[in-house]
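give me coordinates for this.
(2 chains)
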Protein chains: 2
Amino acid sequence: MRGDHSSDDEAVEHQDGGRRRTAAEEARTLVSAVTVGYLATLGENGDPWCSLVVYGPDPDGNPVLLVSTMAEHGRNLASDARASLAINDPSATGDPLDRPRITLAGRAVQPEGEAAEAALDAHVAAIPGARLYAGWEDFSLWILEVERVRWVGGFAQMDTISREDYRAAEPDPTQPIAAKAIEHLNKSHADGLLAIARELAGARGAVAAVCTGVDRYGIDLSCTGAGQAAAARVEFDAPLTQAADVRPATVELAQRARALQESR
Amino acid sequence: MRGDHSSDDEAVEHQDGGRRRTAAEEARTLVSAVTVGYLATLGENGDPWCSLVVYGPDPDGNPVLLVSTMAEHGRNLASDARASLAINDPSATGDPLDRPRITLAGRAVQPEGEAAEAALDAHVAAIPGARLYAGWEDFSLWILEVERVRWVGGFAQMDTISREDYRAAEPDPTQPIAAKAIEHLNKSHADGLLAIARELAGARGAVAAVCTGVDRYGIDLSCTGAGQAAAARVEFDAPLTQAADVRPATVELAQRARALQESR
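Numbers count the residues shown, from 1 in each chain, chains lettered A, B, ... in the order given. Here you go, the predicted structure:
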């Protein structure tokens, strides 16, 4: 199954096995899931200035900003196009230094004509209220054309991503419903998860399994048994292409696990 | 009572009356309440770079950072001391552009000797786990000496604060317990709040009052009556100097309101 996917050889392999999102896919997924970031721009004398912005990503993952020239960052971009946007996952908890985050660095350009319309659509898709400001004279549309990406997954998990890899990667289509799917699996399908852990994740001695992650490539489990806990990963039969695939794919895993259970 | 406090003439006056925190006090309070910010630094060729940091403020409100020279921002600070830190209130909800936030801009310096010990203490007071890293060779302590502050309270509410005003202002000592106090007042003292609204806030026709804010200078209420809602503010008898003063000060307001109620 894995050979079906052209970017398979880029996948990060972990010790618990099973394909995972690449660093570039993590970055694209995070940029698509969040709408708030912090922008570093250059002020007078080239002094760095950091400020909160909202954005929507264009199809290449370039953040589209709509900023007022009355704001310091708006004036800064107009005089020097260099900028850097830091984004973190606001739903993550625990030590802030251990949470997934990225920095996108590049140059901001002002799109014109059809490109401006497409950019505005990308911004408004993420920030619906923004269409109101778009017509105001002091508001300008900027596309941060990403040249370099630094991704931090947590402690000791980081990578630099090239412009090309970032552009080529897809945001994970299952991200928008992943948290809800995890909650549902743990609440209503504890027996199915345990069968998956025992039969498909190799955790034969498990007495309980909790789902800790769902993505387009598979699910993460925390398995417990004999007083010990271990992380495990089970891949889907094929990468999912839409959020609606999560349900049938997890049902398929549970069915496959139960069939193995009964065959023994 | 208001004449007792020397910085009274700096207080922002709102239409609903009653002394409020100044912009400088808001900034110092926010910096003390939060431990995570986004740092803009200058990389090679003066390119801006934005990244997440954790900090603890020193007694002047200057953020103390402990960063690795292996991290991009660590290398950047070592080659150019100019930096800017953006902080927002993570507990605020609603439109991100309407939430309180600040940017502190200045220069990062590496303290030595006793100053380094005091700076480390300030950092560790906010980030207890950091003492572990302090002894590592690649970690350096930096104090961002604030030269300029931009405060945004929300839509159309912003101010630039000088270095002097920022240093001179105090963080609100009641901030750490304000959210809990609001919850307690609304849950257990609805009758007291209503008496305060009617007798002390001039909302004679109110049939209900909800506490929406508590700070060292007073409380904010949302009063409803005759199908209408209005914001009101009631000042404490004197500015509070510690979190433990919130309880007796609110009890005093309720007693004063009830005494007026009974005298009529």
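
okay, CA-based contacts and neighbour counts for the rest of this
OK.

what mean pLDDT does the biggest helix by length in chain A get?
Using DSSP state H, we find that the single longest helix of chain A is helix A:246-263. For helix A:246-263, the mean pLDDT works out to 95.

what residues sit buried inside it?
Buried residues in helix A:246-263, defined by neighbour count with 16 or more other CA atoms under 10 Å in any protein chain shown: A:V246, A:A249, A:T250, A:L253, A:A254, A:A257, A:R258.

distance of the last one from A:A27?
Computed with CA to CA, to the nearest Å, the distance linking A:R258 and A:A27 is 36 Å.

could you name the helices and strands sitting against the strand of greatest length in chain A?
Assignment by DSSP state E gives strand A:139-154 as the longest strand of chain A. Applying 3 or more CA pairs under 8 Å, 6 or more residues apart in numbering or on different chains; DSSP states H and E, one finds that strand A:139-154 contacts strand A:63-68, strand A:101-109, helix A:113-126, helix A:131-134, strand A:157-162, helix A:163-168.

ok, and what's touching the longest helix of chain A?
Residues from elsewhere that reach helix A:246-263, judged by CA atoms under 8 Å, 6 or more residues apart in numbering or on different chains: A:174, A:181, A:192-193, A:195-196, A:198-200, A:216, A:236-237, A:240.

coming back round to it: what would the buried residues of helix A:246-263 look like in TSV with distance to A:T212?
Formatted as TSV, the buried residues of helix A:246-263 follow (distance: CA to CA, whole Å):
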residue	distance to A:T212
A:V246	14
A:A249	16
A:T250	14
A:L253	16
A:A254	16
A:A257	18
A:R258	21
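
just the closest of these to B:V36, please.
A:V246 (34.4 Å; CA to CA).

show the average pLDDT along the longest strand of chain A.
94.

break chain A into its domains for me.
According to automatic domain parsing, chain A comprises the domains A:23-168, A:175-262.

of these, which is nearest B:V34?
Once the domains of chain A are compared by CA to CA, domain A:23-168 is nearest, at 11.6 Å.

got the contact list for the residue lying closest to A:D215 once chain neighbours are set aside?
Once flanking residues are discounted, A:D215 sits nearest to A:T174: 5.9 Å by CA to CA, 6 or more residues apart in numbering or on different chains. By CA under 8 Å, 6+ apart, the contact list for A:T174 reads A:V214, A:D215, A:R216, A:L240, A:T241, A:Q242, A:A243, A:A244, A:V246.

dihedrals phi and psi, A:T174?
phi -90, psi -10 (degrees, to the nearest 10).

and if you look at the one 4 residues further on?
As for A:A178, its main-chain torsions (degrees, to the nearest 10) stand at phi -60, psi -50.

ok, now A:Y55?
Per degrees, to the nearest 10, the backbone of A:Y55 is at phi -150, psi 160.

residue numbers of chain A in contact with chain B?
Within chain A, the positions near chain B by CA under 8 Å from any CA of the partner chain are A:36, A:38-42, A:46-54, A:82-86, A:96-97, A:102-103, A:105.

try it again at 7 Å.
A:38-42, A:47-51, A:82-86, A:103 (CA under 7 Å from any CA of the partner chain).

that older thread, I'd like the helices and strands packed on strand A:139-154 as TSV, with mean pLDDT and mean neighbour count appended.
As requested, the helices and strands packed on strand A:139-154 are exported to TSV (pLDDT from 0 to 100; neighbours: other CA atoms under 10 Å in any protein chain shown):
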stretch	mean pLDDT	mean neighbour count
strand A:63-68	95	24
strand A:101-109	97	24
helix A:113-126	96	18
helix A:131-134	80	14
strand A:157-162	92	15
helix A:163-168	97	18
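
wait, what's in contact with the residue most central in space within chain A?
For chain A, A:T29 is the residue whose C-alpha lies nearest the centre (CA atoms, centre = their mean; 2.3 Å). A:T29 is in contact with A:P171, A:D172, counting by CA atoms under 7 Å, 6 or more residues apart in numbering or on different chains.

next one: A:I196
A:L253, A:A254, A:A257.

and stretch A:49-69, end to end?
15 Å.

where's the residue of the stretch 101-250 of chain A found nearest chain B relative to B:A259, distance?
Chain B sits closest to A:T103 of the stretch 101-250 of chain A, with a gap of 6.5 Å, by CA to the nearest CA. To B:A259, A:T103 is 59 Å away according to CA to CA.

do A:V246 as well
63 Å.

A:E199 now?
Counting by CA to CA, the gap from A:E199 to B:A259 is 73 Å.

do A:W151 as well
62 Å.

same deal with A:A33?
When A:A33 is compared with B:A259 (using CA to CA), they lie 54 Å apart.

what's the answer for A:R28, then?
With distances taken as CA to CA, A:R28 is found 62 Å from B:A259.

quick revisit: and the longest strand of chain A, which strands flank it?
Counting by DSSP bridges, the strands paired with strand A:139-154 are strand A:63-68 (antiparallel), strand A:101-109 (antiparallel), strand A:157-162 (antiparallel).

what comes into contact with the first one?
Going back to what we said before, that points to strand A:63-68. Contacts for strand A:63-68 (CA under 7 Å, 6+ apart): A:54-58, A:74, A:119, A:122-123, A:138-144.

ditto for the second one
Residues outside strand A:101-109 that contact it (CA under 7 Å, 6+ apart): A:27, A:81-89, A:142-153, B:50-51.
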